[in-house]
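# Okay, structure incoming, though there's no sequence with it:
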């Protein structure tokens, strides 16, 4: 990290992963071009989980090259009297793998739903019964993580 004065510890970075509203996944296409896409995520232990359709460009990328990077942004504040922004962020690198085991898929979806739609959890079981068969779940190992902040 170039700005060592803004580097934060791993606990700080994991907190950003856990609280960011959304994250951006960067992968490589079959043409070796970068591709990034926003995700709704949830972290369980040393993995970041996300859901998606069973096919599409993101899936093609992950199958082509599972090495990925995830960017997470926490709180930000644009300063009115300066040309700068206060921010906090985390960058994760790891390997994406498809989750195929039913119980792990449900665990991951529950974590994502509890994080992003906690007021609707009474409908979770019904949604699982209706949609699990058409929902893909992937997880990214947290092989490295860095945190940064400007306050």
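Nice, I can see it. All values reported here derive from a predicted model rather than from experimental measurement.
# Only C-alpha atoms from now on, for both contacts and neighbour counts.
Fine.
# all strands of this protein, in order?
7-8, 23-28, 34-39, 41-44, 47-52, 67-78, 85-99, 136-141, 144-150 (DSSP state E).
# Now distance to residue 124, mean pLDDT and mean neighbour count too, for those, in CSV please.
Shown next, in CSV, are those (distance: least, C-alpha to C-alpha, whole Å; pLDDT from 0 to 100; neighbours: other C-alpha atoms under 10 Å):
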stretch, distance to residue 124, mean pLDDT, mean neighbour count
strand 7-8, 36, 67, 18
strand 23-28, 23, 98, 21
strand 34-39, 19, 98, 14
strand 41-44, 16, 98, 22
strand 47-52, 15, 98, 21
strand 67-78, 26, 91, 18
strand 85-99, 19, 94, 19
strand 136-141, 16, 98, 21
strand 144-150, 31, 90, 19
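# Please produce a markdown table containing these, extended by distance to residue 117.
Shown next, in a markdown table, are those (distance: least, C-alpha to C-alpha, whole Å):
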| stretch | distance to residue 117 |
| --- | --- |
| strand 7-8 | 29 |
| strand 23-28 | 16 |
| strand 34-39 | 14 |
| strand 41-44 | 12 |
| strand 47-52 | 14 |
| strand 67-78 | 18 |
| strand 85-99 | 22 |
| strand 136-141 | 17 |
| strand 144-150 | 26 |
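# Looking at these, spot the one closest to residue 119.
strand 41-44 (16.4 Å; C-alpha to C-alpha).
# what lines up beside the closest one in the sheet?
Using DSSP bridges, strand 41-44 pairs in its sheet with strand 47-52 (antiparallel).
# Residues contacting the partner strand, please?
With contacts defined as C-alpha atoms under 8 Å, 6 or more residues apart in numbering, strand 47-52 is touched by 39-43, 108-109, 112, 135-142.
# For the residues you listed, name the two members farthest from one another.
Using C-alpha to C-alpha, those reach their maximum pairwise distance at 135 and 142, which is 22.6 Å.
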